[in-house]
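Asker: what follows is a protein structure lacking sequence information:
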């Protein structure tokens with residue numbers, strides 16, 4: 001299992017560094033489909049694995065290349081903190097099942113993917 005977890009982290013890290021996506025877009029499906037974790041457990045585990053230092057390294061590289069809008073990032077942090085808290089509270093309500101979370105997450109990724117591929 002250690003090898004699988006390292007592989008998931010590596011793939012998520014490369015995708016995050018290349019595309020700026022949250023590692024959760026890779027890690028959550030991998031933890032659910034490949035390692036058999038419950039959707040809520042996978043989400044919590046993914047959040048715990050992405051703590052601050054990961055984004056700092058990638059941001060530093062982009063900043064050195066002149067590809068970082070610091071003032072935008074600072075403002076987004078406020079929204080991220082608030083939104084992450086609201087989302088976590090919602091996802092952990094007793095009436096929100098792991099099955100519902102899978103469907104919501106899959107729908108989100110589908111709409112996002114279609115938006116990138118079709119509707120520009």
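Answerer: That came through fine. Worth saying up front: this structure is predicted, and the values here are computed from it rather than measured.

Asker: quickly find the element holding residue 67.
Answerer: Secondary structure assignment for residue 67, by DSSP states H and E: no helix or strand.

Asker: now it: how far from residue 20?
Answerer: Using Cβ to Cβ, to the nearest Å, residue 67 is found at 10 Å from residue 20. The way it works is simple: take the backbone N, C-alpha and C, and place the C-beta from them, glycine included.

Asker: so which strand or helix has residue 61?
Answerer: Assigned by DSSP H and E, residue 61 belongs to helix 53-64.

Asker: name the helices or strands packed onto that helix?
Answerer: helix 2-19 (3 or more Cβ pairs under 8 Å, 6 or more residues apart in numbering; DSSP states H and E).

Asker: relative to the whole chain's centre, how far out is the helix it packs on?
Answerer: Centroid separation for helix 2-19 versus its chain: 12 Å, with Cα atoms, centre = their mean, to the nearest Å.

Asker: give the buried residues for that helix.
Answerer: By neighbour count on 16 or more other Cβ atoms under 10 Å, the buried set for helix 2-19 is 5, 8, 9, 12, 13, 15, 16.

Asker: redo these as JSON lines? Include pLDDT and distance to residue 107.
Answerer: Below are those laid out as JSON lines (pLDDT from 0 to 100; distance: Cβ to Cβ, whole Å):
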{"residue": "5", "pLDDT": "88", "distance to residue 107": "27"}
{"residue": "8", "pLDDT": "87", "distance to residue 107": "22"}
{"residue": "9", "pLDDT": "86", "distance to residue 107": "25"}
{"residue": "12", "pLDDT": "84", "distance to residue 107": "21"}
{"residue": "13", "pLDDT": "81", "distance to residue 107": "26"}
{"residue": "15", "pLDDT": "79", "distance to residue 107": "20"}
{"residue": "16", "pLDDT": "78", "distance to residue 107": "22"}
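
Asker: for those, could you give me JSON lines that also reports distance to residue 62?
Answerer: Converted to JSON lines, the buried residues of helix 2-19 look like this (distance: Cβ to Cβ, whole Å):
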{"residue": "5", "distance to residue 62": "26"}
{"residue": "8", "distance to residue 62": "23"}
{"residue": "9", "distance to residue 62": "20"}
{"residue": "12", "distance to residue 62": "17"}
{"residue": "13", "distance to residue 62": "14"}
{"residue": "15", "distance to residue 62": "15"}
{"residue": "16", "distance to residue 62": "11"}
